[in-house]
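Colleague: Just need the structure, nothing else, for what follows:
(4 chains)
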2 protein chains.
Amino acid sequence: MIFITIYTNIRVEQGNRGSDDMARKKSETSPARRGRPPAYDAETALKRATETFWRTGYSGTSLDKVAAATGMSPPSLYAVFGNKHALYLEALARYWEISLAATREALAGDHPLDEALMLAYDAALSIYFSGKGAARGCFVVGTAVTEVAEDAAIRSSVAAGLRMIDADFEARFRLAQDKGELKRDADPAALAILASATMHTIAIRARAGARRSELREMARKAVDVLCGCRR
Amino acid sequence: MIFITIYTNIRVEQGNRGSDDMARKKSETSPARRGRPPAYDAETALKRATETFWRTGYSGTSLDKVAAATGMSPPSLYAVFGNKHALYLEALARYWEISLAATREALAGDHPLDEALMLAYDAALSIYFSGKGAARGCFVVGTAVTEVAEDAAIRSSVAAGLRMIDADFEARFRLAQDKGELKRDADPAALAILASATMHTIAIRARAGARRSELREMARKAVDVLCGCRR
DNA sequence: TCTATTTAATAACGCTCGTTACAAATATTG
DNA sequence: CAATATTTGTAACGAGCGTTATTAAATAGA
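Modeller: Model (predicted):
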């Protein structure tokens, strides 16, 4: 079988076609670089690369597959990201940014504890079930955890991310305790671990084929237990 | 760099050297097969292959690495296991057998609920921290979950295993409720999900470099919460 | 000893891997 | 227009991938 790769799709909009005003305006903001202008948007490329790693993992994804997904040639990918490992590391960092922000935002509003937790799990489910086709679960749990055993850079990224989620949950439980939503003798650190654990089990099950409604139900029940020691 | 693979190590003991009695005895029990006797033990080979997949994942492990680990040549591996995929599937099935049995045994004794749960987590930790070098965590979480997105056979194995652990935990919580160890209005299914979730988060964190003592402490606290709705 | 039978290792298959020289393409500057 | 700078795609690199055809080795039975 012959595999013909057709590079397409994410070429940067030139923009300075049809309107000289816009072209001139653009050259005012960015002082007009010298050589051939970049044809691709690094941001979009990173997103497409992430999608690919997400499905088939780091070791299971070849650079040719990433090239096909981004529409870029391998040398262009190297020029922008360095190499495969650096590209994955950047995808991982970006994923942490987005998913940590989502969790933090869900927990930050002034909702009751149980609602706040459900918002966090709903945010996670939105990510785990994003993209077309079957659910991919969490990018970290689904792809990074495998590499973590032999790759120090990935390991420290994962370890740091896990600590942050734990800390966010713990802060929210501590706040709930201060506000009287939680019993005085509850252990915020313990509850935080269980809240993280619930997120991890959902991540695993989503990738393994569980239905979204089923996972939301699990989250619901877990929240009931975690807030059970209420008031 | 030249990589010279030296096949060694797991050759089957011939046994019928030095003593004709033993040779004759052996030919009595097993009626003496015709051709060249097998030099390798499939059981040992599967164990060694598992160790290798466990560290570097399915996609990240080449058949040459497995060959080096087992001391077998690639054709011998194919003769015994079929191909790489079938070999991994067999390793996965065997791992489920062992780890499910360990959990079931821990929960089966007539210990109090909290002790039974801790026995289960201690059994898991023994597996996650087995082998030399840094902890590899859970074989399923560490290697199968990545493949699950694109591999139907691995996916159904993982899904089935997850269901079984859930069921085992739920049965134990239900028993606890019947014995009066747990409040009447506790939800055994919900507690079972959280018990599984705790196991999953421990699996992830172990591979990501967490210390064993730290993870045991997490388990301890989780058990406290899960049994907190006691009597 | 010769033949039949079973397992083992060598060496290669075609293909894909991550990576990179290289030259063509496209822009600004003089 | 020529010179310079930057990004592009083509085509290749050596190495490794999963897999297999082939042949050698080692046993039992005739």
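
Colleague: So for the host helix or strand of A:Val225, what gets flagged as buried?
Modeller: Element membership of A:Val225 [criterion: DSSP states H and E] is helix A:212-226. For helix A:212-226, the buried set under the neighbour-count rule, 16 or more other C-beta atoms under 10 Å in any protein chain shown, comprises A:215, A:218-219, A:221-223, A:225-226. C-beta here means a position set from N, CA and C on the backbone, and glycine is covered the same way.

Colleague: Same check on stretch A:48-68?
Modeller: For stretch A:48-68, a neighbour-count test (16+ other C-beta under 10 Å) marks A:48-61, A:65-68 as buried.

Colleague: so which of these are also by chain B?
Modeller: A:54-60 (C-beta under 8 Å from any C-beta of the partner chain).

Colleague: Let's verify A:Val80: helix, strand, or coil?
Modeller: Three-state call for A:Val80 (DSSP: H, G, I helix; E, B strand; the rest coil): helix.

Colleague: Quick one: neighbours of it, just the number.
Modeller: Number of residues near A:Val80 (other C-beta atoms under 10 Å in any protein chain shown) recorded here: 19.

Colleague: Pretty sure it sits against A:Ala39.
Modeller: No. Counting by C-beta atoms under 8 Å, A:Val80 stays clear of A:Ala39, with 11.1 Å between them.

Colleague: still on that earlier bit, tell me, which of the buried residues of helix A:212-226 make contact with chain B?
Modeller: Among those, chain B is touched by A:218, A:221-222, A:225-226 when using C-beta under 8 Å from any C-beta.

Colleague: can you put the buried residues of helix A:212-226 in JSON lines and add pLDDT?
Modeller: Converted to JSON lines, those look like this (pLDDT from 0 to 100):
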{"residue": "A:Leu215", "pLDDT": "98"}
{"residue": "A:Met218", "pLDDT": "98"}
{"residue": "A:Ala219", "pLDDT": "98"}
{"residue": "A:Lys221", "pLDDT": "97"}
{"residue": "A:Ala222", "pLDDT": "98"}
{"residue": "A:Val223", "pLDDT": "98"}
{"residue": "A:Val225", "pLDDT": "96"}
{"residue": "A:Leu226", "pLDDT": "96"}
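
Colleague: and of these, the nearest to A:Pro112?
Modeller: Within the buried residues of helix A:212-226, the smallest distance to A:Pro112 is 10.7 Å, found for A:Val223 (C-beta to C-beta).

Colleague: got a list of contacts for stretch A:211-229?
Modeller: A:113-114, A:117-118, A:121-122, A:125, A:128-129, A:135, A:181-183, A:186, A:191, A:194-195, A:198, A:201-202, A:205-206, B:187, B:189-191, B:193-194, B:197, B:225-226, B:228-229 (C-beta atoms under 8 Å, 6 or more residues apart in numbering or on different chains).

Colleague: Looking at these, which are in helices?
Modeller: Counting by DSSP state H, those place A:113-114, A:117-118, A:121-122, A:125, A:128, A:191, A:194-195, A:198, A:201-202, A:205-206, B:189-191, B:193-194, B:197, B:225-226 in helices.

Colleague: List buried residues within the residues you listed.
Modeller: Neighbour counting by 16+ other C-beta under 10 Å classes A:113-114, A:117-118, A:121, A:125, A:128, A:191, A:194-195, A:198, A:201-202, A:205-206, B:190-191, B:193-194, B:197, B:225-226 among the ones in helices among the contacts of stretch A:211-229 as buried.

Colleague: Please state the backbone phi and psi of A:Tyr40?
Modeller: The phi and psi values for A:Tyr40, taken as degrees, to the nearest 10, are phi -120, psi 150.

Colleague: Is it in contact with A:Ser73, as I believe?
Modeller: No. Counting by C-beta under 8 Å, A:Tyr40 does not reach A:Ser73; the two are 9.8 Å apart.

Colleague: Just give the closest residue to A:Asp114, not the sequence neighbours.
Modeller: Excluding its sequence neighbours, the residue lying closest to A:Asp114 (C-beta to C-beta, 6 or more residues apart in numbering or on different chains) is A:Cys227, at 4.6 Å.

Colleague: and the gap between the one you found and A:Ser196?
Modeller: Distance from A:Cys227 to A:Ser196, counting by C-beta to C-beta, to the nearest Å: 16 Å.

Colleague: More neighbours: the two, which one.
Modeller: Using other C-beta under 10 Å, the more surrounded residue of A:Cys227 and A:Ser196 is A:Ser196, with 25 against 21.

Colleague: how about the residues of chain A that lie near DNA strand D?
Modeller: A:7, A:33-40, A:72-76, A:79-80 (C-beta under 7 Å from any atom of the strand).

Colleague: how near is the residue positioned nearest the centre of chain A to chain B?
Modeller: Residue closest to the average C-alpha location in chain A (C-alpha atoms, centre = their mean): A:Tyr95, at 2.9 Å. According to C-beta to the nearest C-beta, to the nearest Å, A:Tyr95 stands 15 Å off from chain B.

Colleague: hang on, the earlier thing: starting at the chain centroid, how far to the helix holding A:Val225?
Modeller: In terms of C-alpha atoms, centre = their mean, to the nearest Å, the centre of helix A:212-226 is found 21 Å from the chain centre.

Colleague: Can you give me the domain boundaries for chain A?
Modeller: What automatic domain parsing lists as the domains of chain A is A:1-81, A:83-231.

Colleague: among those, which is the most enclosed?
Modeller: For the domains of chain A, the largest average neighbour count (mean count of other C-beta atoms under 10 Å in any protein chain shown) is found in domain A:83-231, namely a mean of 19.

Colleague: Give me the residue ranges of chain A where confidence is low.
Modeller: Residue ranges of chain A with pLDDT under 70: A:1-31, A:229-231.

Colleague: which SS class is whatever residue of it ends up closest to DNA strand D?
Modeller: Nearest residue of chain A to DNA strand D, counting by C-beta to the nearest atom of the strand: A:Gly35, 2.0 Å away. Following three-state DSSP, A:Gly35 is assigned to coil.

Colleague: ok, it to B:Leu113 distance?
Modeller: Separation of A:Gly35 from B:Leu113 (C-beta to C-beta): 70 Å.

Colleague: swap in A:Asp122?
Modeller: In terms of C-beta to C-beta, A:Asp122 sits 31 Å off from B:Leu113.

Colleague: Enumerate every residue touching A:Leu162.
Modeller: Per C-beta under 8 Å, 6+ apart, neighbours of A:Leu162: A:196, B:204-205, B:208.

Colleague: same thing but 7 Å
Modeller: The contact partners of A:Leu162, taken as C-beta atoms under 7 Å, 6 or more residues apart in numbering or on different chains, are B:205, B:208.

Colleague: Also the one 4 residues further on?
Modeller: By C-beta under 7 Å, 6+ apart, the contact set of A:Asp166 is A:192-193, A:196.

Colleague: cutoff 10 Å now
Modeller: Applying C-beta atoms under 10 Å, 6 or more residues apart in numbering or on different chains to A:Asp166 gives the contacts A:189, A:192-193, A:195-197, B:201, B:205, B:218.

Colleague: Pretty sure it sits in a helix.
Modeller: Yes. Per three-state DSSP, A:Asp166 lies within a helix segment.
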